[in-house]
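*Asks:* Show me the folded form of this:
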Amino acid sequence: MLQRLLIPWLAVSALLPTPARVFAAPAATVSPVGVPGAALMAGPQEGGERQEEARGERRASGVFDKLVERDRKVGYTSRTAGAALAALSESDLPSPQRAAAFFALGAARAETERSRLESWALEGSMPERQAALLALGELGGRDIAFLERVARSKEQELAIYAVLALLRTKSERGREIVDELAEVTGTPVAAAALACTRFVGSPDDSKSHPVVQRWLELRWESARRFGLIDGQTWSTKIVEGLLADERFLDRVVYAAAANVKDGVVRDHYLEIVLEPGPAERLRGAISVLPTEIDKLVATGLWAPADEVEWTELLEEIDAQRLESLTANILRQARVVASLRTYASLLLVRGGNSEGMQLLELEINSTDPLVRARIAEVLGGTGDKSYLPRLLPMMNDADAGVRNASLVAQLRLGHGQARDKARERLLDADDPEHEHLMRYLCRNARDPEVKALLVAAFRMLTSGDQVLAATYLSLTGRSTEREVLRDILAATPPSGEIGARMVRAIGVVPTPEDATLLRTLFPREGELDVNVALVLGLIEASDPACVPVLRAALWREPYGRSLLAAAVWVQIDGLEGLVAELQRPPLEATPRDLRRVGFALGEWGGLDAAEELARRNGAADPAVQGALLAALASRTR
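*Replies:* Purely as a prediction, here's the structure:
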């Protein structure tokens, strides 16, 4: 449902990459190196076909061996059948998931579902029918008459799967039927019978066969969704992977700590900026210390280490509208060729006219994305004197530029632009409607734009309502949020737009929002979405975020650990840190204990340090850290 609603939006949004990429210098074309031209042109050598065939067989064998090894991790629980039935009750369940659910019913020995599995094996898509047959094999040998009929039928695409199912019933009669079928040599069923018999007898010594490989893949997928992998639910495995991902922890902690309003946090961010580290640290830091970092850059005391760090700074300045506080950073950023125009745009938007000279040249750029971005920035200056520059852009050859100019004029209070934008917004069939929606949503925090979106919201199409609700919610509005809840509950979020929808739900979340965020976390292979989910849970002070904070607290780097402690104290009070120190991880070192103790002393002061000393003794590393922090706080 979500994808159907957002297809038009995604088509338009693909036209506009992130601002930094819009203004990046074109990448050099790289030619293959290290491969002699003669080798590229040469035909197959003698025996090449045989060698390639042998290599292919070895690769296939290696993949199959890994599947067999992986299968040892699969398991099911008493809840598997119920979870599979719940999934099958969804009318729009994708076919691969239906197949996995069928198999899970068999693997969970849900004998009461035998008749339904037989019915599913007779109708539906071929992959689903094959999965239902394999599921019947997992049920056992109580009734194999149905499988025998299919195995002896002329539908060989199904018969070969019934062969493995008969063997998996572990019934003597099932094995006899397969032996009989194997005697009719030269048929796909006989080949499957031989391969499946070898596999069931000794998986490690068998060779790959499509039916066997499908069985292994279905086992894995069904256990991943409805059972256990390595004795754990798949969601637990995903969380474990996230907690081991330093980039995930960086993005969560450095972003979340920026919302903790305290001088201690500011001090830590300053230390973190001055020390080399991941570029993600700069996003939180510039939000907390915009003027301080600007002065560091102006005086030469510090500068971003490379283009990546410059880009992180500018994108966060852009997102948080900090350009009026960071003129020195923006001036210096113009030295980076790929960011020169971007930095100039932000200077102009911040009320600094010195960036205008470059924009005067770029406003006629051959790149429509650059022209559209310039129009957008001029609209954000609040200076109506730029209207004469924007009006001619309504005749631009590019629809994106025309609509960027229209929205810019709207933001500057131009009455005719307001009327034109409203007319186009309410006409979903207008050929430029999607472009207009793009620029309205990007600028939803602008009072003129927000007013237009709010007034028109109920008259928009369902897809446009999702987009408008996302961006209006990001500005702090909650009235339109119900649309997002409905979509996210029906279709789990993915990709950039999914992460943005989650971020919108996480702005001042209600208890209902927190429940939804908790339900959605984690999402496999969706780093941006998972970061947004955890940040929303932190904003809601939901206990589901604690494992993430715990992982960051007990691990280096030092500054990130202390920021994680600050976030934890904000959502759970000082007692959370005290409890952690009473039950530290088994692998915690004296250095770790001293660092977490330092955090306790920072936030609890001397009283907390003395209480910890009474419990643990003065020689405890955590007590030493707490006392040091408490005494240091007196010098602030």
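
*Asks:* going forward, measure contacts between C-alpha atoms and count neighbours the same way
*Replies:* OK.

*Asks:* which helices and strands does the helix or strand harbouring G597 pack with?
*Replies:* Using DSSP states H and E, G597 maps to helix 590-616. If contacts are counted by 3 or more CA pairs under 8 Å, 6 or more residues apart in numbering; DSSP states H and E, helix 590-616 sits against helix 558-572, helix 574-582, helix 621-633.

*Asks:* For those helices, give me TSV that also has mean pLDDT and distance to Y342.
*Replies:* Output for these, formatted as TSV (pLDDT from 0 to 100; distance: least, CA to CA, whole Å):
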stretch	mean pLDDT	distance to Y342
helix 558-572	95	30
helix 574-582	91	43
helix 621-633	90	41
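
*Asks:* now these as CSV including mean neighbour count and distance to T341?
*Replies:* Output for the helices and strands packed on helix 590-616, formatted as CSV (neighbours: other CA atoms under 10 Å; distance: least, CA to CA, whole Å):
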stretch, mean neighbour count, distance to T341
helix 558-572, 23, 33
helix 574-582, 16, 46
helix 621-633, 22, 44
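
*Asks:* Go through the ones you listed and name the closest to R591.
*Replies:* Closest approach to R591 among the helices and strands packed on helix 590-616 (CA to CA): helix 621-633, 7.4 Å.

*Asks:* what inclination does that closest one have with respect to helix 574-582?
*Replies:* On the basis of axes from the mean of the first three to the mean of the last three CA atoms, to 10 degrees, helix 621-633 is oriented at 140 degrees to helix 574-582.

*Asks:* Begin at 45, not 1, for the rest of this chat.
*Replies:* Happy to do that; since the first residue is 45 now, the last one works out to helix 665-677.

*Asks:* For helix 665-677, which helices and strands make contact with it?
*Replies:* helix 634-660.

*Asks:* For the helix it packs on, the averaged confidence score.
*Replies:* Here helix 634-660 scores 93 as its mean pLDDT.

*Asks:* same thing with stretch 256-265?
*Replies:* pLDDT averaged over stretch 256-265 gives 96.

*Asks:* Report the backbone C-alpha coordinates of it in CSV.
*Replies:* Output of stretch 256-265 as CSV, limited to C-alpha atoms (Å, rounded to 0.1, in the frame of the first residue of the first chain):
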residue,chain,number,x,y,z
VAL,A,256,16.7,-29.4,-2.0
GLN,A,257,17.9,-25.9,-2.3
ARG,A,258,14.4,-24.5,-2.2
TRP,A,259,13.7,-26.6,0.9
LEU,A,260,16.7,-25.1,2.6
GLU,A,261,15.8,-21.6,1.6
LEU,A,262,12.2,-22.0,2.8
ARG,A,263,13.4,-23.4,6.1
TRP,A,264,15.6,-20.4,6.7
GLU,A,265,13.0,-17.9,5.6
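
*Asks:* gap between that stretch and the chain center?
*Replies:* Relative to its chain's centre, stretch 256-265 lies at 26 Å (CA atoms, centre = their mean, to the nearest Å).

*Asks:* what do you get for stretch 114-128?
*Replies:* Remark: stretch 114-128 is offset 26 Å from the chain centroid, using CA atoms, centre = their mean.

*Asks:* Kindly check the end-to-end length of that stretch for me.
*Replies:* 22 Å (CA to CA, to the nearest Å).

*Asks:* and of the helices and strands packed on helix 634-660, who's closest to Q200?
*Replies:* Here helix 602-616 is closest among these (CA to CA), at 59.2 Å.
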